[in-house]
Structure formats: C-alpha cells, structure tokens
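1. Fold the following for me, if possible:
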Amino acid sequence: MIRKRTLIKNFLTGVFGFSKKAAPRFELGIKDLQSSALPLGHAAVRDMKLPHADRISQVATALLVLTNGHGEDLIALRVLEELHQISPNLILEVLPLVGEGKVFTNAISQGWLIKRGPSNRLPSGGFSNQSFRGFVSDISAGLISQSWRQWALVRLAAQNGRVILAIGDLLPLFFAWSSRGSFGFIGTPKSDYTWRSGPGSSLSDLYHCWKGTEWDPWEVALMRARRCKLIAVRDQITARGLQRLGLKAKFSGNPMMDGLKHDSYPSILDDYRRILLLCGSRMPEAIRNLKCLLEAALLLPINDRVAILLAIGSEPSVGDVENLLNSLGFKKYFCTALLKEIDAHACWKKGTAYVFIGPGKFSFWANWTEVGLANAGTATEQLVGLGIPAVSLPGAGPQFKRSFALRQSRLLGGSVIPCSSKEILSDRVASLLNDELFRGHLGAIGLRRMGVSGGSRRLAKLVSDSLLGN
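-> Got it, this is the predicted structure:
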C-alpha cells in the first residue's frame, strides 16, 4: 500500500509540477493528457517485476524503447535491428504506448526483443488529439488506466537500471523524462519543413516562426533536462532549429528509407499504367479511405489498362477488401501467371482497372509504380522518398483529415498533392501519368526531403555511443 501511495504521489508530481532542478512548469494539450491522466485506483504495478540491469558497469546493459504509433513502431524496429547487430548481448525491450505493436512480432518470436507492458488498440487509433469525440472514446476504452500502468512500468524500468529511448513526440518524451532515469529522444513526426515551406501566413506558421521550431516549448523544456543524453530528429533543418535554442540536436539520417526494395517492375506489367494504393492501417477509417480512392481511380480519363497495386498490412484484412471490391462491382480475375509474377494474393477487375491485393507487399511494390494514391502517413513518406509522387483525398479522419493532408504535403515539398474531390484526384493522377517531366520533378523533391537509406544504422550507432556508453 505504501509503495502504491508513493507511485501515485510521484505520478502527480511528474504531471503537475517539476522539481526545483527541473525545467519550468508548463501546460499540456489534449493529446498530452494521454500521459497525464490520473489513475482510478488501479493497483497496476502489483505484478510488474523486471530483472535488474547491471548498475555497476558504466556501459548500459538494457534499453527500453517507448513508441506512440504505427510509424514510430516501424522506425523503432529498424533502429533496434541495427542495435542488436552492434551489441548482440544488449537487452532490448519495447513498450508501445499506442496500439498493439504488431510490427515487433517477428523480432519477439526470434527471441532478441522483449515486449513490455499493457497494450490496447484505442478507438481513435492514437489520434485523440485531433478530435474531442475520439478523446472521449479513448477514455471510455481505458486510456487512463492504460496510461497509468504504462507510466508506472517506465518508472520501475528506470529504477531497475534501464536506459529509456523515446521515439515519437510529447507522449513518449514525457514518459521518458518522468522516469527520473537517463533517456534519449528520437523525434520523428515534426519537421521545420512544415512551416518553412508553403504560404507561411497561417497562425500556426507565425507561431512556429516565433518559436523558431515546430517543437513546442514544453517539449523543448523536457529535451533540456540533464538526464536527456541524446536528441535526434528527422532532418537537418529541424536539427538546426533546435540547435539555435541551445539543444545538442543531431540528424543522423532517416530510418524510414531503410528496408525498401529497389527492384524494377516485372515485364508482365509493361502494358499497364502502375499505381500504388495506400489506404492506411487504422480501421474503420482505412476501409473508408479505400472506398473513396477506388471510386476516384475508376474515374481516370485514360484508356490504358491500370494496375492498382493495393498494399495492405494486417488491416484492413483481405476479406474486408474483397467485400468492398465486390460491392463496387469488381469481379475476381483469375490469371495464374500474372499473380505469380506480381506475387499478389488475388486480382479483381472492373473495366480496365485491375486491383492486385498484396498483404505485406509495400516494400516490394512501392518502387514499381508511377504514381501513388495515398491516404497514409509513414508509407506515403516512404513512397515519395523513392521518387514517386502521390495524390491524396482527405476524409473524416480521425487521422487523415484535411489538416493532416496539408501538413504532409508541406512536409514533403508538394510531392504529395491533396485533392478536395474524387474528380479532381482522378484528373491529377491522369496529369501525372501523362507528364513524365512533371512526375520526375515532384519525385526529385520527395527524394531530397526524405534522404537516402542507411539512417537506421547511423541512428543505432549514435544511440550506442551517446546513450548507452559503448
């Protein structure tokens, strides 16, 4: 009981006030309440027991990585794979704060990665900061108790000698800071390109200009902590912005561009125009995105056969996709040679449109295509990073709304074109398919904004040297 009261007291202190030696007190926004929600009497830490890391050696022997979304999970996996290669004896653990962390399944089954803590798929998909309704839904689904248990586990891990690495934005950064142990931060979602590119006249642009960075003052305050041994960001322009504020931020490469195949498309697709379709991975939004994008693709004013390569993850499922295709009037198309060459699960046809369904095929198919229809986050950035422009069609969200699409377009220098209707989207796609020069121009912008591969290895080396003391 005494231990529980102590943890609750520490939690309240961490949320509502800084110690005398810490950074100044600050206010939290709606999304940040994910990390500041109060426990409702849960004895969450009762059964939490972690093996102690080596406290005597100056070299850390255990690392706990915190993530807060699917894109952050992918980045974390790339860095962890490289860290495992550099230090095979290092104990590597991961705690997904948002979602179920399915991308770590293979690494866990191989035995070199350990998943810690409670995980639960929230109704908002982790985007409760973009909708009050989504925030209320997440609260009803257990957000408060889950956040409390996760926070308590992070504190316990730090007490047992773990070094904490936060990947994402404020939520994992706050958890890492409140652990009272040494921590590092890889800031993945924010870039100064979002306000240095484009019109620059909105209130948010003026606000970022005043700050000198897209990172908010409370995030900068947490990064200033003496216990923060590493700050890495997604591009050089963002690193310079933080450096002007006195932070030792570094840019070591973009891990998003690792693990992608660069093979040419198979010759069997020579007579097809090639489009990659990305509908996102959060249900039910993903299936709504897919319906709108397919309807727009059917409006394409071209006579050529069109191969629509639909790359999906665990969600939406193949069954969900095929039910939708059937409702839109597509018919299953049987061609063994075509499916074998493309390595697709199935093909559905309507008119001159051929939809190839490929679970887990994004990294193989992305480089084959000419244009992307992309209502996704990380996957869209990876696609344009390969030099392939994309168009998007914002919907009701909770993730891929108009504000998200516009910010993404500015982040990527206009290599993604947001559209306001299906008709406009089909016209934009046709223009890109018919204008190779313009397509190449936008592709070159995407290449510059996302950078070259190899970032995961460089980041892992930075974590090993600066955070773990190797």
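2. And D258, its phi and psi?
-> The phi and psi torsions at D258 (degrees, to the nearest 10) take the values phi -90, psi 150.
3. residues in contact with the residue lying closest to it once chain neighbours are set aside?
-> For D258, ignoring the flanking residues on the chain, the nearest one in space by Cβ to Cβ, 6 or more residues apart in numbering is S456 at 4.5 Å. (Glycine included, C-beta is placed from N, CA and C.) Taking Cβ atoms under 8 Å, 6 or more residues apart in numbering, we find S456 in contact with I75, R78, V79, E81, E82, G253, P255, D258, G259.
4. Number of residues surrounding the second one?
-> Burial of R78 is recorded as 21 neighbouring residues (other Cβ atoms under 10 Å).
5. in the stretch 351-470 of the chain, which ranges drop under the pLDDT threshold?
-> Within the stretch 351-470 of the chain, the stretches with pLDDT under 70 are 470.
6. Show me the helices in it, by range?
-> Listed in chain order, the helices of the stretch 351-470 of the chain (DSSP state H, counting those that start in this stretch) span 362-365, 378-385, 402-411, 422-434, 436-450, 455-462.
7. want to throw the ones you listed into TSV with distance to L294?
-> What follows is those, written out as TSV (distance: least, Cβ to Cβ, whole Å):
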stretch	distance to L294
helix 362-365	17
helix 378-385	17
helix 402-411	18
helix 422-434	10
helix 436-450	22
helix 455-462	33
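8. out of these, nearest to Q146?
-> Proximity to Q146, assessed across the helices of the stretch 351-470 of the chain by Cβ to Cβ, is greatest for helix 378-385 (23.1 Å).
9. quick revisit: compare the contacts of S456 and tell me which has the most neighbours.
-> Most crowded among the contacts of S456, counting by other Cβ under 10 Å, is P255 at 29 neighbours.
10. which residues touch it?
-> Residues counted as contacts of P255 (Cβ under 8 Å, 6+ apart) are I75, R78, V79, G455, S456, L459.
11. Can you tell me which of the residues you listed is closest to R226?
-> Taking Cβ to Cβ as the measure, L459 is the one of the contacts of P255 closest to R226, at 22.2 Å.
12. Tell me, how many residues neighbour the closest one?
-> Counted with other Cβ under 10 Å, the neighbours of L459 add up to 26.
13. Now do it against V79, distance only.
-> Using Cβ to Cβ, to the nearest Å, one gets 5 Å for the distance from L459 to V79.
14. can you list residues touching both of these two?
-> Jointly contacting L459 and V79 under the rule Cβ under 8 Å, 6+ apart are I186, P255.
15. Same list, the contacts of P255, but as TSV with distance to P394 please.
-> Converted to TSV, the contacts of P255 look like this (distance: Cβ to Cβ, whole Å):
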residue	distance to P394
I75	24
R78	28
V79	30
G455	28
S456	30
L459	31
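16. hang on, the earlier thing: out of the contacts of S456, what pair is the most spread apart?
-> Of all pairs drawn from those, the widest gap by Cβ to Cβ lies between E81 and G253 and measures 14.5 Å.
17. Count residues in the vicinity of the closest residue in space to N303 that isn't next to it in sequence, would you?
-> In this structure, N303 finds its nearest non-sequential neighbour in T352, 7.0 Å apart by Cβ to Cβ, 6+ apart. Burial of T352 is recorded as 14 neighbouring residues (other Cβ under 10 Å).
18. Could you work out the end-to-end span of stretch 310-320 for me?
-> End-to-end distance for stretch 310-320: 13 Å, by Cα to Cα, to the nearest Å.
19. tell me the SS of D263?
-> When the structure is split into helix, strand and coil by DSSP: H, G, I helix; E, B strand; the rest coil, D263 lands in coil.
20. and it, what does it touch?
-> By Cβ under 8 Å, 6+ apart, D263 lies in contact with F364, N367, W368.
21. Look up how far F183 lies from G469.
-> Distance from G469 to F183, counting by Cβ to Cβ: 14 Å.
22. Contact partners for the one residue sitting closest to the centre of the chain?
-> For the chain, the residue sitting closest to the mean C-alpha position, by Cα atoms, centre = their mean, is G71 at 1.8 Å. G71 makes contact with T188, P189, M256, G377, T378, according to Cβ under 8 Å, 6+ apart.
23. So for G469 and F183, which sits in the more crowded spot?
-> When neighbours are counted by other Cβ under 10 Å, F183 comes out ahead of the other of G469 and F183, with 28 against 13.
24. What's the per-residue pLDDT of the more buried one here?
-> According to the prediction, F183 has pLDDT 96.
25. which residues does it contact?
-> In this structure, F183 makes contact with V163, I164, L165, A166, A176, W177, R227, C228, K229, L467, judged by Cβ under 8 Å, 6+ apart.
26. now, among those residues, which is nearest to V94?
-> For the contacts of F183, the nearest to V94 is L165 (9.5 Å; Cβ to Cβ).
27. Helix, strand or coil: sort out the closest one for me.
-> The three-state assignment at L165 reads strand, by three-state DSSP.
28. Which secondary structure element of the chain has the lowest mean pLDDT?
-> Lowest mean confidence among the helices and strands of the chain (mean pLDDT, DSSP states H and E): helix 33-36, at a mean of 36.
29. just checking, next helix/strand downstream of that helix?
-> Sequence-wise, the next helix or strand downstream of helix 33-36 (DSSP states H and E) is strand 62-67.
30. one step back: for the contacts of S456, could you give me CSV that also reports pLDDT?
-> Written out in CSV, the entries for those read as follows (pLDDT from 0 to 100):
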residue, pLDDT
I75, 94
R78, 95
V79, 96
E81, 96
E82, 96
G253, 89
P255, 91
D258, 91
G259, 87
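31. could those residues be laid out in JSON lines, adding distance to T105 and secondary structure?
-> Written out in JSON lines, the entries for those read as follows (distance: Cβ to Cβ, whole Å; DSSP: H, G, I helix; E, B strand; the rest coil):
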{"residue": "I75", "distance to T105": "16", "secondary structure": "helix"}
{"residue": "R78", "distance to T105": "15", "secondary structure": "helix"}
{"residue": "V79", "distance to T105": "17", "secondary structure": "helix"}
{"residue": "E81", "distance to T105": "14", "secondary structure": "helix"}
{"residue": "E82", "distance to T105": "19", "secondary structure": "helix"}
{"residue": "G253", "distance to T105": "26", "secondary structure": "coil"}
{"residue": "P255", "distance to T105": "19", "secondary structure": "helix"}
{"residue": "D258", "distance to T105": "19", "secondary structure": "coil"}
{"residue": "G259", "distance to T105": "16", "secondary structure": "coil"}
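32. Tell me the one of these nearest L383?
-> Proximity of those to L383 was ranked by Cβ to Cβ; the top entry is G259 with 13.5 Å.
33. Can you say which of the helices of the stretch 351-470 of the chain is nearest to A286?
-> Each of the helices of the stretch 351-470 of the chain has some distance to A286 by Cβ to Cβ; the shortest is helix 378-385, at 11.5 Å.
34. which secondary structure elements does that closest one contact?
-> Using 3 or more Cβ pairs under 8 Å, 6 or more residues apart in numbering; DSSP states H and E, the elements in contact with helix 378-385 are helix 70-86, strand 272-278, strand 371-374, strand 390-392, helix 402-411, helix 436-450.
35. My guess is T238 contacts S191. True?
-> Yes - contact status for T238 versus S191: in contact at 5.0 Å, counting by Cβ atoms under 8 Å.
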